[in-house]
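J.: Here's my sequence, what's the structure:
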Amino acid sequence: MEAERRVAVAVDFSDCSKRALRWAVDNVVRDGDYLILVAVRPDGNYEEGEMQLWKTSGSPLIPLVELSDPIITKKYGVKPDAETLDIVNTAAREKQIVVVLKVYWGDPREKICEAIDNIPLSCLVIGNRGLGKIKRAILGSVSNYVVNNGSCPVTVVKNVDKE
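T.: Just a heads-up that it's a prediction; the model follows:
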């Protein structure tokens, strides 16, 4: 069990998270690894679904076969797009990896660091939206926080369109 690598990618199904996912699949993920997609949804008053049950600990690991099922994904408040599903399905088939999704609710900075310790992860890949200095100072940078506070190696894939 020690030899199994658990590579995670923080995803919000945006262009920059898809870029980070592609980069991780091309450069980090090896045959036989576990690829764990970590999604963090905003904290809120969710009235129905599994979100109420898993609010503090995050969802159970959702297998790849269930990521295409709109009923399952609606229960957890996520909506993977076709491009993300294509990336992970291709990687699973070509590299013989196990792909799962873990959903958390709350502050992305804290929940991603929590995922690193609770899963536990071998490494994490995260995208960077390329905020300017002023927006980054006001909004804060999730990737910067995770790099400085995460307990595993973290790779930030920059959004090159913004440069």
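J.: List the buried residues for stretch 82-94?
T.: For stretch 82-94, a neighbour-count test (16 or more other C-beta atoms under 10 Å) marks 84, 87-88, 91-92 as buried. Glycine gets a C-beta too; all of them are placed from N, C-alpha and C.
J.: what does that stretch rub up against?
T.: Contact with stretch 82-94 is made by 11, 13, 17-18, 21-22, 25, 29, 35, 37, 64, 67-68, 97-99, as judged by C-beta atoms under 8 Å, 6 or more residues apart in numbering.
J.: and what of stretch 145-158?
T.: 10, 16, 19-20, 23-24, 28, 109, 112-113, 116-117, 120-128, 130, 143.
J.: quick one on the thing from earlier: in a markdown table: the buried residues of stretch 82-94, plus distance to P42, pLDDT and secondary structure.
T.: Listed next are the buried residues of stretch 82-94 as a markdown table, based on distance: C-beta to C-beta, whole Å; pLDDT from 0 to 100; DSSP: H, G, I helix; E, B strand; the rest coil:
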| residue | distance to P42 | pLDDT | secondary structure |
| --- | --- | --- | --- |
| T84 | 19 | 95 | helix |
| I87 | 24 | 96 | helix |
| V88 | 23 | 97 | helix |
| A91 | 28 | 96 | helix |
| A92 | 28 | 96 | helix |
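J.: and of these, the nearest to Y104?
T.: Closest approach between the buried residues of stretch 82-94 and Y104, by C-beta to C-beta: T84, at 17.3 Å.
J.: measure the closest one to N148 for me?
T.: According to C-beta to C-beta, to the nearest Å, T84 and N148 sit 27 Å apart.
J.: And the contacts of stretch 145-158, which of them are buried?
T.: 10, 16, 19-20, 23-24, 28, 109, 112-113, 116, 121-128, 143.
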